[in-house]
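> okay, sequence plus prediction incoming.
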Amino acid sequence: YPVTEIAASAFARCDKIGKVELPDTVKRLGQSAFAWSGVTEINLPEGVTEIPKRAFADSKLTKIEIPETVMWIWDEAFAGCGNLQEVTLPDSLEFIGMIAFANTGVEQIELKGNPGFASYIFSSCSRLEKVVMADTITELGSNMFAYCENLKTIDWSENMERINGEAFVGCSGLTEVRLPSKVKYIDGGVFRQCTNLEQIMIPPSVEEIGEAFDASIIILCFEGSYAQQYAEEQGLRYILIEDENEEVEISQYGQLEYIVRNDEVVIFSCLPEAEGDIVIPAEIEHEGVKYPVTEIAASAFARCDKIG
């Protein structure tokens with residue numbers, strides 16, 4: 001008779017096993033089949049269509065390649081696999097459940113297809129540094145990468161439309177974000193507690209933004225865009241740009257921050273720790289050239305509550 005199924009909890013807590021080889025005849029895995037086990041490597045045969053709840057949770061897996069026949073990865077399937085550094089996802093996925101890869105050791109992940117995403121899927125993956133999204137991805141789940149503190153690079157899908165609530169909350173490794181040109185909705189908390197995130201470019205396609213950012217954020221946006229309106233209503237600092245790839249250099253003069261544009265200086269803001277009297281100079285020398293100060297930017301001194 002062919003071996004077609006690994007029963008629920010079949011190898012759960014078998015902490016002395018290592019590499020596992022499954023025959024091609026296996027089509028089904030039970031819940032918690034290898035949970036809390038010592039399994040380090042396993043081949044998942046073509047024909048398996050789902051990874052059940054807690055199938056490998058808290059195991060010793062180091063890598064996993066999920067075959068193209070898999071359509072569903074259920075809640076906590078690989079949660080807590082601290083040694084799991086390499087994950088290969090297929091194009092065939094239709095759904096990934098809650099906390100499916102949370103608290104794993106994954107260092108880079110490539111999202112393919114256009115599955116539905118539950119919440120907290122890759123949350124608290126402390127080694128995750130890079131996320132790559134195929135252009136088929138249009139939406140991210142809530143808290144999807146929450147508290148991935150070493151995440152530094154996001155290669156966005158060009159067809160991304162919605163980023164759900166707190167998707168990147170607490171990602172303190174991010175310093176700059178440029179959203180793709182088709183994004184429409186940025187839900188609340190998406191980039192909150194990203195303590196090193198200085199700038200975010202928001203394209204004119206955006207139609208709605210929740211309370212997505214900390215007060216220290218600098219928004220790069222287009223004149224007349226919803227993002228400009230949002231920044232003004234929230235009292236956030238913003239810089240108008242003309243191209244999505246435009247780089248903006250912010251320099252410091254005393255307690256002030258400024259930018260040089262068209263041979264003129266715009267006083268952009270004061271430093272967060274600024275206090276006492278502030279004197280705005282008539283000109284500032286920048287890289288050996290003196291430029292006249294002609295503008296105080298919108299919200300430049302908003303929230304500067306210690307100046308006199």
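Great, that's in hand. Numbering: from 1, shown residues only.
> could you use CA atoms for every contact and neighbour count after this?
Fine.
> Thr4 contacts Val26, doesn't it?
Yes: between Thr4 and Val26 there is a contact under CA atoms under 8 Å: 3.9 Å.
> for beta bridges, what are the partners of Ile296?
Ile267 (DSSP bridges).
> please list all residues in contact with it.
266-268 (CA atoms under 8 Å, 6 or more residues apart in numbering).
> separation between it and Glu275?
18 Å (CA to CA, to the nearest Å).
> what does Ser37 give?
57 Å.
> and Val190, by the same measure?
Distance from Val190 to Glu275, by CA to CA: 31 Å.
> neighbour count for those two, which is higher?
Taking other CA atoms under 10 Å, Val190 and Glu275 do not tie; Val190 has more neighbours (28 against 14).
> what about Glu232, neighbour count?
Glu232 has 14 nearby residues by other CA under 10 Å.
> equivalent analysis for the one 5 residues further on, please.
The number of residues packed near Arg237 is 23, by other CA under 10 Å.
> for the one 5 residues further on, same thing?
A count of neighbours around Glu242, defined by other CA under 10 Å, yields 10.
> so who does it touch?
Phe222.
> surely Asp24 meets Val48?
No: when contacts are counted by CA under 8 Å, Asp24 is not listed as touching Val48 (9.4 Å).
> looking at the two, which has the bigger crowd around it?
Neighbours per residue, other CA under 10 Å: of Asp24 and Val48, the larger number sits with Val48, 22 against 15.
> which residue, other than its chain neighbours, is closest to that one?
For Val48, ignoring the flanking residues on the chain, the nearest one in space by CA to CA, 6 or more residues apart in numbering is Lys27 at 4.4 Å.
> okay, now the one you found: neighbour count?
Neighbours of Lys27 using other CA under 10 Å come to 18.
> swap in the one 4 residues further on?
Around Gln31 there are 22 other residues, counting by other CA under 10 Å.
> residues in contact with the closest residue to it other than its chain neighbours?
Once flanking residues are discounted, Gln31 sits nearest to Ala8: 4.7 Å by CA to CA, 6+ apart. Listed by CA under 8 Å, 6+ apart, the contact set of Ala8 reads 29-33.
> same check on Val106?
Per CA under 8 Å, 6+ apart, neighbours of Val106: 83-87, 125, 127-128.
> skipping its backbone neighbours, what lies nearest it in space?
In space, Val106 is closest to Gln85, 3.9 Å off (CA to CA, 6+ apart).
> mind checking pLDDT for the one you found?
pLDDT recorded at Gln85 is 97.
> cool, and Ser299?
81.
> which residues are in contact with Asp263?
Going by CA under 8 Å, 6+ apart, the list of residues near Asp263 reads 291-292.
> now with 10 Å, please.
289-294 (CA atoms under 10 Å, 6 or more residues apart in numbering).
> Ile42 now?
Taking CA under 10 Å, 6+ apart as the test, what Ile42 contacts is 18-22, 61-65.
> and those, which are buried?
61-64 (16 or more other CA atoms under 10 Å).
> can you flag which of the residues you listed belong to strands?
63-64 (DSSP state E).
> can you list the buried ones among the contacts of Ile42 in TSV and add distance to Glu249?
Putting the buried ones among the contacts of Ile42 into TSV (distance: CA to CA, whole Å) gives the following:
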residue	distance to Glu249
Leu61	44
Thr62	42
Lys63	41
Ile64	42
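> from the buried ones among the contacts of Ile42, which is closest to Glu158?
Ile64 (27.2 Å; CA to CA).
> ok, the residue lying closest to that closest one once chain neighbours are set aside - contacts?
Among residues not flanking Ile64 along the chain, Val87 sits closest, at 5.1 Å (CA to CA, 6+ apart). With contacts defined as CA under 10 Å, 6+ apart, Val87 is in contact with 62-66, 101, 105-110.
> strand partners (parallel or antiparallel) of whatever helix or strand Val87 lives in?
For Val87, the host element (DSSP states H and E) is strand 86-88. Paired neighbours of strand 86-88 in the sheet (DSSP bridges): strand 63-65 (parallel).
> which other residues reach the strand it pairs with?
Under CA under 10 Å, 6+ apart, the answer for strand 63-65 is 40-45, 78, 81, 83-90, 105-106.
> check contacts around Phe277.
In this structure residue 277 is Asp, not Phe. Counting by CA under 10 Å, 6+ apart, Asp277 has contacts 255, 306-308.
> filter these to the buried ones?
Buried, going by 16+ other CA under 10 Å: Gln255, out of these.
> generate CSV for the contacts of Asp277, with secondary structure and pLDDT as supplementary columns.
Output for those, formatted as CSV (DSSP: H, G, I helix; E, B strand; the rest coil; pLDDT from 0 to 100):
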residue, secondary structure, pLDDT
Gln255, coil, 86
Lys306, coil, 82
Ile307, strand, 83
Gly308, coil, 79
